[in-house]
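> Let's see this in three dimensions:
(one chain, ligands or ions: 1)
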Amino acid sequence: MDTTAVILGGGYAGVMAANRLAGQGHPVMLVTPDERFTQRIRLHEYTAGTRADPRVDYATLLNPKVQLLAGRAEAIRPVTRTVRLVSGVRLDYGYLVYAVGSGEGRVPPGAVAPDRFSGAVEARTRLSRLAPGERIAVVGGGLTAVEVAAETAGAYPENPLTLYTAGNLVPHFSAGARAGLLRGLRSAGVRVQTGTVNPDRLPEAGVVLWCAGFGVPQLAARSGLPVDAAGRLALDATLRVPGQDRIYGAGDAAVITDPGYGYLPMTCASAMPMGAEAAGNILRSAAGTPPARHNSGFLGQCVSLGRRDGAVQFLTADYTARSFHLHGRSAAVLKEVLCRMTLRWIRGEAKKSGAYTWPAGPRMTPEPSPQVLWS
Ligand SMILES: Cc1cc2nc3c(=O)[nH]c(=O)nc-3n(C[C@H](O)[C@H](O)[C@H](O)COP(=O)(O)OP(=O)(O)OC[C@H]3O[C@@H](n4cnc5c(N)ncnc54)[C@H](O)[C@@H]3O)c2cc1C
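Below is the predicted model of the structure:
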């Protein structure tokens with residue numbers, strides 16, 4: 001029987017899963033349309049022009065035993081254990097890891113979304129063509145919008161930038177952390193305006209950067225697999241699709257629907273542990289041992305406000321704001337260190353399966369908590 005694990009998606013979750021499996025000698029094929037690994041957590045820097053190409057060669061990140069296949073999955077057929085690619089190629093799988101991410105949110109005509117590489121390329125080009133004095137609008141109230149706004153305002157001081165947010169900025173931050181964030185935005189040159197932006201009537205600006213939420217590919221829904229209202233693949237606590245013992249999920253495109261996991265946000269800090277844990281459970285399944293319940297949590301969340309300022313909100317394991325928060329240069333340095341660490345963790349796992357570890361999650365209660373997003 002073919003036990004090859006086919007991993008759909010070469011982002012943080014997929015790459016981590018591939019490395020964990022390959023290092024244990026399990027056959028792995030990673031399928032992704034991307035030529036190179038995109039550091040999505042750096043896309044605001046690329047958009048603003050403060051960083052050159054944020055992509056990294058897969059060869060420098062993957063265990064050499066991982067077979068990399070360029071392609072985009074179009075349909076999953078659990079009955080025959082096959083995946084059809086857009087190219088028409090059909091792949092058989094022994095196990096499947098669904099890790100297709102969240103770079104597909106709808107973008108109103110006239111706006112551009114820097115939360116995906118193609119959008120960041122377009123945004124960077126449009127920004128570079130602005131004449132002095134032309135306005136920039138950023139729409140969104142989450143961390144992507146905040147980072148994009150601060151980075152862009154710093155890089156384009158001659159272009160007035162307004163951040164439009166429907167409600168409180170970054171609602172899961174404490175009031176103190178949010179006040180510090182607002183101070184940082186102000187000193188970066190960002191004007192914050194509260195009110196909902198109608199996608200059919202965008203603010204008057206030379207460039208409108210749309211950062212109003214991540215959207216996931218509808219591949220799982222199209223394939224008849226169980227999904228939530230947003231189209232994320234529904235998983236049990238062992239990261240497996242209920243009733244489908246060979247299909248696992250990880251990262252932004254998947255959601256654990258068992259009670260108690262609602263705290264897990266769409267972040268790279270959730271995607272990497274999920275990728276590693278899904279791989280661990282595939283190894284357990286192949287060995288005939290019981291799967292582990294997913295267990296990951298948080299210590300804090302770092303936000304950059306340009307290259308020299310930032311904020312850190314310390315968190316409980318279940319992503320609840322603590323009273324302690326940090327601002328200024330030290331927060332910016334911490335954020336930069338963490339961005340570098342993500343690549344080191346992936347490379348560490350490529351060298352030694354099991355090397356990557358993460359903070360433990362909260363003690364489980366049967367009560368579901370509200371879902372929170374990075375975006
Ligand atoms: C500007 C910005 C800053 C951020 N900063 C942070 C941060 O500081 N900390 C944090 O924790 N999170 C941060 N995030 C969020 C983080 O980037 C995402 O949560 C993370 O990328 C999710 O990882 P993933 O592996 O699930 O998906 P992704 O990284 O989106 O990767 C998905 C992969 O799947 C591929 N794919 C898509 N469709 C298919 C298909 N049909 N077939 C095959 N492959 C497919 C994609 O091409 C891609 O390779 C930030 C996001 C943005 C935009």
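
> Now stretch 291-307: buried residues?
291, 293-294, 296-298, 300-307 (16 or more other Cβ atoms under 10 Å). Placement of C-beta: from N, CA and C, glycine included.

> Can I get these in TSV including secondary structure, distance to residue 352 and pLDDT?
Formatted as TSV, the buried residues of stretch 291-307 follow (DSSP: H, G, I helix; E, B strand; the rest coil; distance: Cβ to Cβ, whole Å; pLDDT from 0 to 100):
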residue	secondary structure	distance to residue 352	pLDDT
291	coil	22	97
293	coil	24	97
294	coil	22	98
296	coil	20	98
297	coil	23	97
298	coil	25	97
300	strand	26	96
301	strand	28	96
302	strand	26	96
303	strand	31	97
304	strand	30	97
305	coil	36	97
306	coil	36	96
307	coil	33	94
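
> and which of those residues is nearest to the ligand?
residue 302 (6.1 Å; Cβ to the nearest ligand atom).

> Now the spatially closest residue to the closest one that is not a sequence neighbour: which helix or strand?
The spatially closest residue to residue 302, leaving aside those adjacent along the chain, is residue 335, at 3.8 Å (Cβ to Cβ, 6 or more residues apart in numbering). Here residue 335 sits within helix 329-351, counting by DSSP states H and E.

> Now do residue 2 against residue 95, distance only.
10 Å (Cβ to Cβ, to the nearest Å).

> Neighbour count for the two, which is higher?
residue 95 (28 against 10; other Cβ atoms under 10 Å).

> what sits against the closest residue to that one other than its chain neighbours?
In this structure, residue 95 finds its nearest non-sequential neighbour in residue 5, 4.3 Å apart by Cβ to Cβ, 6+ apart. Listed by Cβ atoms under 8 Å, 6 or more residues apart in numbering, the contact set of residue 5 reads 17-18, 21, 26-29, 93-97, 279, 282.

> can you narrow those to ones near the ligand?
By Cβ under 6 Å from any ligand atom, no member of these lies near the ligand.

> can you tell me which of these are in strands?
28-29, 95-97 (DSSP state E).

> would you list those residues in TSV and tack on pLDDT?
What follows is the ones in strands among the contacts of residue 5, written out as TSV (pLDDT from 0 to 100):
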residue	pLDDT
28	98
29	98
95	98
96	98
97	98
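
> quick check, nearest of those to residue 162?
Comparing these against residue 162 with Cβ to Cβ places residue 97 closest, at 40.8 Å.

> I'd assumed residue 276 was in contact with that closest one.
No: counting by Cβ atoms under 8 Å, residue 97 does not reach residue 276; the two are 10.9 Å apart.

> Give me the more crowded residue out of the two.
residue 97 (32 against 27).

> ok, the buried residues of stretch 291-307 vs residue 35, which is closest?
residue 304 (26.1 Å).

> List the residues that contact that closest one.
44, 147, 150-151, 310, 332, 335-336.

> how about 6 Å then?
Neighbouring residues of residue 304 by Cβ atoms under 6 Å, 6 or more residues apart in numbering: 147, 310, 332, 335.

> Centre of the chain to the helix or strand harbouring the first one, how far?
Going back to what we said before, that points to residue 147. Element membership for residue 147, per DSSP H and E: helix 143-155. Its chain's average C-alpha position is 17 Å from that of helix 143-155, according to Cα atoms, centre = their mean, to the nearest Å.

> ok so, going back, determine how far the helix holding residue 335 lies from the middle of the whole chain.
That offset, for helix 329-351, works out to 15 Å (Cα atoms, centre = their mean).

> How about stretch 189-205?
Per Cα atoms, centre = their mean, the centroid offset for stretch 189-205 relative to its chain is 24 Å.

> how long is that stretch end to end?
16 Å (Cα to Cα, to the nearest Å).

> Pull out the buried residues from that stretch.
189-190, 192, 197, 202-203, 205.

> Could you list the domains of the chain?
The chain is divided into the following domains under automatic domain parsing: 5-33+71-104+215-293, 117-210.

> how about the ones you listed, which one is nearest residue 54?
Of the domains of the chain, nearest to residue 54 by Cβ to Cβ is domain 117-210, at 7.8 Å.

> Get me the contact residues on the stretch 1-150 of the chain for the ligand.
So the stretch 1-150 of the chain meets the ligand at 8-14, 31-34, 40-41, 43-44, 72-73, 99-103, 115, 144, 147 (Cβ under 6 Å from any ligand atom).

> Could I get the contacting residues of residue 21?
5, 28, 279.

> now swap in residue 192 and tell me
Here residue 192 is in contact with residue 163 (criterion: Cβ under 6 Å, 6+ apart).

> Following element in sequence after the helix or strand encompassing it, please.
Element membership for residue 192, per DSSP H and E: strand 190-194. Following strand 190-194 in sequence order, the next helix or strand is strand 207-210 (DSSP H and E).

> tally of neighbours for residue 130?
Neighbourhood size, residue 130 [other Cβ under 10 Å]: 16.

> From residue 279, how far out is the closest residue to it other than its chain neighbours?
Spatial nearest neighbour of residue 130, excluding adjacent residues (Cβ to Cβ, 6+ apart): residue 206 at 4.9 Å. Separation of residue 206 from residue 279 (Cβ to Cβ): 45 Å.

> Of the two, give the one with the bigger neighbour count.
Between residue 206 and residue 279, residue 279 has the larger neighbour count (other Cβ under 10 Å), namely 33 against 16.

> about what we covered before: include distance to the ligand when you put the buried residues of stretch 291-307 into a markdown table, please.
A markdown table is the format used below for the buried residues of stretch 291-307 (distance: Cβ to the nearest ligand atom, whole Å):
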| residue | distance to the ligand |
| --- | --- |
| 291 | 20 |
| 293 | 20 |
| 294 | 14 |
| 296 | 12 |
| 297 | 13 |
| 298 | 9 |
| 300 | 11 |
| 301 | 7 |
| 302 | 6 |
| 303 | 7 |
| 304 | 8 |
| 305 | 12 |
| 306 | 13 |
| 307 | 14 |
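
> Thanks a lot, catch you later.
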